[in-house]
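Undergrad: Okay, predicted coordinates and the sequence, questions at the end:
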Amino acid sequence: GENVEQHPSTLSVQEGDSAVIKCTYSDSASNYFPWYKQELGKRPQLIIDIRSNVGEKKDQRIAVTLNKTAKHFSLHITETQPEDSAVYFCAASTDQTGANNLFFGTGTRLTVIP
Amino acid sequence: DSGVTQTPKHLITATGQRVTLRCSPRSGDLSVYWYQQSLDQGLQFLIQYYNGEERAKGNILERFSAQQFPDLHSELNLSSLELGDSALYFCASSVDLSGGETQYFGPGTRLLVL
């Protein structure tokens, strides 16, 4: 099955700086890569996603890049704010098996220091 | 609010007991997924149902079972509970099985086994 690795596990940045979280996946059939933000005790919330036919996607301060050849994708957050502090999870899925459950990375705890 | 509801929010029980967690998907969503999140762990996929039928299984223990009813709500049954089963259990839903369908997470059920 799919194996998603995520780095770093913790990340501290100064407010206003950029944060980058990287993930790799193992199954070349994976074609959908969402990123979720989870605040303490809350549900994971989708913040951005990318499909395999796209190399980059941006939404205001958040961007995701995908390198299918290298099987890695990254989340970029610019101009970080204290409210960006949370745990971020990358995930991958494929529909080739008739099911599209998500395989998650182990998460990155981002702390934005005011 | 994602539109996915889960009950109960919290559950405290003893080892050896059995509990049932309930999930109602977003209106119109046919696919339901169950995930387990242990303390400081990522999200582990347990099982997926689509329109009443099981579609995918992850690392779900034999002591755990699930079903999806004709009204599309789903229940996750956990039996012979052990201390290690203490976790947050999330349900998510999506429209169908197509690759790249966004999964919306419910608020979770926090299970504590004493």
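TA: Received the coordinates, thanks.

Undergrad: use CA for all of it now, contacts and neighbours both
TA: Fine.

Undergrad: Counting neighbours, what do you get for the residue lying closest to B:Ser38 once chain neighbours are set aside?
TA: Closest residue to B:Ser38 apart from its sequence neighbours, by C-alpha to C-alpha, 6 or more residues apart in numbering or on different chains: B:Ala87 at 4.4 Å. When counting by other C-alpha atoms under 10 Å in any protein chain shown, one arrives at 19 neighbours for B:Ala87.

Undergrad: Any regions of chain B where pLDDT drops low?
TA: B:40-41, B:97-100 (pLDDT under 70).

Undergrad: Now do the same contact list for the residue most central in space within it.
TA: Residue closest to the mean C-alpha point of chain B, counted by C-alpha atoms, centre = their mean, is B:Trp34 at 3.1 Å. Contacts for B:Trp34 (C-alpha atoms under 8 Å, 6 or more residues apart in numbering or on different chains) come out as B:Phe45, B:Leu46, B:Ile47, B:Gln48, B:Leu76, B:Tyr89, B:Phe90, B:Cys91, B:Ala92.

Undergrad: rewinding a little: what are the phi and psi values for the residue nearest to B:Ser38?
TA: Phi and psi for B:Ala87, reported as degrees, to the nearest 10, are phi -180, psi 170.

Undergrad: quick one, what contacts it?
TA: B:Gln36, B:Gln37, B:Ser38, B:Leu39, B:Arg110, B:Leu111, B:Leu112.

Undergrad: How about B:Leu83?
TA: Contacts of B:Leu83 by C-alpha under 8 Å, 6+ apart are B:Thr15, B:Leu112, B:Val113, B:Leu114.

Undergrad: repeat that for 10 Å
TA: With contacts defined as C-alpha atoms under 10 Å, 6 or more residues apart in numbering or on different chains, B:Leu83 is in contact with B:Thr13, B:Ala14, B:Thr15, B:Gly16, B:Leu112, B:Val113, B:Leu114.

Undergrad: Apart from its neighbours in sequence, what residue is nearest the residue nearest to the centre of chain B?
TA: Per C-alpha to C-alpha, 6+ apart, closest to B:Trp34 is B:Cys91, 4.6 Å.

Undergrad: Three-state assignment for the one you found, please.
TA: The assignment at B:Cys91 comes out as strand when based on DSSP: H, G, I helix; E, B strand; the rest coil.

Undergrad: Hmm, B:Arg26 is touching B:Ser93, no?
TA: Yes: with contact defined as C-alpha atoms under 10 Å, B:Arg26 counts as touching B:Ser93 (6.6 Å).

Undergrad: one step back: please flag which of the contacts of B:Ala87 sit within strands.
TA: Judged by DSSP state E, the contacts of B:Ala87 include B:Gln36, B:Gln37, B:Arg110, B:Leu111, B:Leu112 as members of strands.

Undergrad: ok, now how distant is the residue nearest to B:Trp34 from B:Leu46?
TA: Using C-alpha to C-alpha, to the nearest Å, one obtains 10 Å as the distance from B:Cys91 to B:Leu46.
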